[in-house]
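Chemist: Predicted coordinates and the sequence they were generated for:
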Amino acid sequence: MNTAQDHLTRSIRDNFIAKISHPAGRTEGYTLKQTPAYIRADCGLPSDTFNVTVLLHTRLTPEDEAILEEAVHYFTDKKYPMALWSWEDKDSVTFETLRQASLKEAETNIAMYANLDALDPGTNCPADFRIKEITSREEAEQFGAVLASLFGESEEGVSVRAFYRKIAALPLEEQSPMKLYIGSYQGQPVSTGTLMFTDDSVGIYDIATLADFRGQSFGSAMFRFLIGEARKGKPRLCVLQASPDGIGIYKRAGFEPVCEVTVYENRHLIE
């Protein structure tokens with residue numbers, strides 16, 4: 001990995017860290033542990049959407065048992081699902097160490113970036129579809145309901161709804177670096193999106209659409225809207241993490257791939 005690519009990778013990782021760190025100290029039951037080796041977010045609920053570990057060491061070996069104990073076994077001992085996010089290559093010693101620690105690969109995403117000044121978000125929007133930043137408790141709960149729909153009636157879906165009920169109970173921050181958006185079709189909430197602003201980047205997250213409303217360009221409209229909102233901020237670097245199915249959409253919009261992001265899970269160890 002060359003110097004420029006390494007810098008972009010760190011920026012993408014740091015934006016993600018900012019997102020998982022933001023609820024700490026604000027949300028009931030949400031704790032964050034930061035060390036030179038890792039960052040661990042515990043949302044206080046059995047959810048691998050929000051129970052997240054990010055490794056900061058460039059190499060993790062089997063000899064780093066203390067790190068594995070705190071970063072991985074901490075959740076397993078609590079019988080909580082968790083996700084460990086790694087920006088290391090799959091041929092690295094870190095990858096093999098995590099496999100030896102009995103973690104399973106859950107998904108592999110593609111980290112991507114773009115210069116906001118080079119993007120043209122466009123103005124096309126489906127008829128009767130409106131997007132706004134959430135400004136009320138009801139809208140925060142609606143946001144959570146749309147995201148939770150991705151998990152159906154599973155324990156994860158229940159936990160995601162519960163997490164956003166906690167978010168809904170918080171006082172609104174006018175100058176918050178994390179902004180949540182809800183898209184409604186004919187008055188019904190159907191789509192979500194999030195922006196996370198840091199000093200040097202803005203990240204796009206949580207683009208989701210209710211199953212019954214997919215295929216109507218609501219997700220694409222949300223993406224274009226978020227680009228427009230991101231351009232209003234100071235950072236010019238825009239980052240996101242795309243699923244393999246979505247990488248083509250983002251490439252056509254002007255984003256370039258940087259590296260793979262592997263997500264590991266422990267769910268099989270606690271069920």
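Modeler: On my side now, so go ahead. The structure displayed is predicted, hence computed values, not measured ones.
Chemist: strands paired with the longest strand belonging to the chain, and their directions?
Modeler: Assignment by DSSP state E gives strand 104-115 as the longest strand of the chain. The sheet places strand 104-115 alongside strand 237-242 (antiparallel), strand 256-265 (antiparallel), with pairing taken from DSSP bridges.
Chemist: And the most centrally placed residue in the chain, its phi and psi?
Modeler: Nearest residue to the geometric centre of the chain (CA atoms, centre = their mean): Y205, 5.2 Å. Note on Y205: backbone dihedrals following degrees, to the nearest 10 are phi -140, psi 170.
Chemist: Which pLDDT value belongs to it?
Modeler: For Y205, the pLDDT comes out at 98.
Chemist: so it bridges to which residues?
Modeler: Assigned bridge partners for Y205, using DSSP bridges, are T194.
Chemist: Break down this structure into its strands, ranges please.
Modeler: Here the chain has its strands, by DSSP E, at 31-34, 38-42, 52-55, 83-86, 104-115, 129-133, 178-185, 188-197, 202-209, 237-242, 256-265.
Chemist: Let me see the mean pLDDT of the biggest helix by length in the chain.
Modeler: When the chain is parsed with DSSP state H, its longest helix is helix 3-21. The pLDDT scores in helix 3-21 average 95.
Chemist: now do stretch 164-174
Modeler: 89.
Chemist: now swap in stretch 57-77 and tell me
Modeler: Stretch 57-77 carries an average pLDDT of 82.
Chemist: Kindly report the same for stretch 29-40.
Modeler: pLDDT averaged over stretch 29-40 gives 94.
Chemist: Quick one: distance of stretch 76-83 to the chain centre.
Modeler: Between the centre of stretch 76-83 and the centre of its chain there are 19 Å (CA atoms, centre = their mean, to the nearest Å).
Chemist: From the opening residue of that stretch to its closing one, how far?
Modeler: From its first residue to its last, stretch 76-83 covers 11 Å (CA to CA, to the nearest Å).
Chemist: Name the residues of that stretch that are buried.
Modeler: Neighbour-count burial for stretch 76-83 flags 76, 80-83 (criterion: 16 or more other CB atoms under 10 Å). C-betas here are computed from N, CA, C, even on glycine.
Chemist: and what of stretch 141-158?
Modeler: Buried-residue list, stretch 141-158, by 16+ other CB under 10 Å: 141-151, 156-158.
Chemist: got the residues you listed as CSV, with pLDDT columns?
Modeler: What follows is the buried residues of stretch 141-158, written out as CSV (pLDDT from 0 to 100):
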residue, pLDDT
E141, 97
Q142, 98
F143, 98
G144, 98
A145, 98
V146, 98
L147, 98
A148, 98
S149, 97
L150, 96
F151, 96
E156, 97
G157, 98
V158, 98
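Chemist: G122: which of the residues you listed is nearest?
Modeler: V146 (23.0 Å; CB to CB).
Chemist: How about that closest one: what's its closest non-neighbour residue?
Modeler: Closest residue to V146 apart from its sequence neighbours, by CB to CB, 6 or more residues apart in numbering: T192 at 4.8 Å.
Chemist: is it true that the one you found touches K179?
Modeler: No: with contacts defined as CB atoms under 8 Å, T192 does not count as touching K179, sitting 11.6 Å away.
Chemist: okay, those two: which has more neighbours?
Modeler: The neighbour comparison of T192 against K179 (other CB atoms under 10 Å) goes to T192, with 27 against 18.
Chemist: In CSV, list the strands of the chain along with distance to F95.
Modeler: Formatted as CSV, the strands of the chain follow (distance: least, CB to CB, whole Å):
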stretch, distance to F95
strand 31-34, 23
strand 38-42, 16
strand 52-55, 11
strand 83-86, 7
strand 104-115, 9
strand 129-133, 38
strand 178-185, 30
strand 188-197, 26
strand 202-209, 24
strand 237-242, 18
strand 256-265, 7
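Chemist: No more questions from me, cheers.
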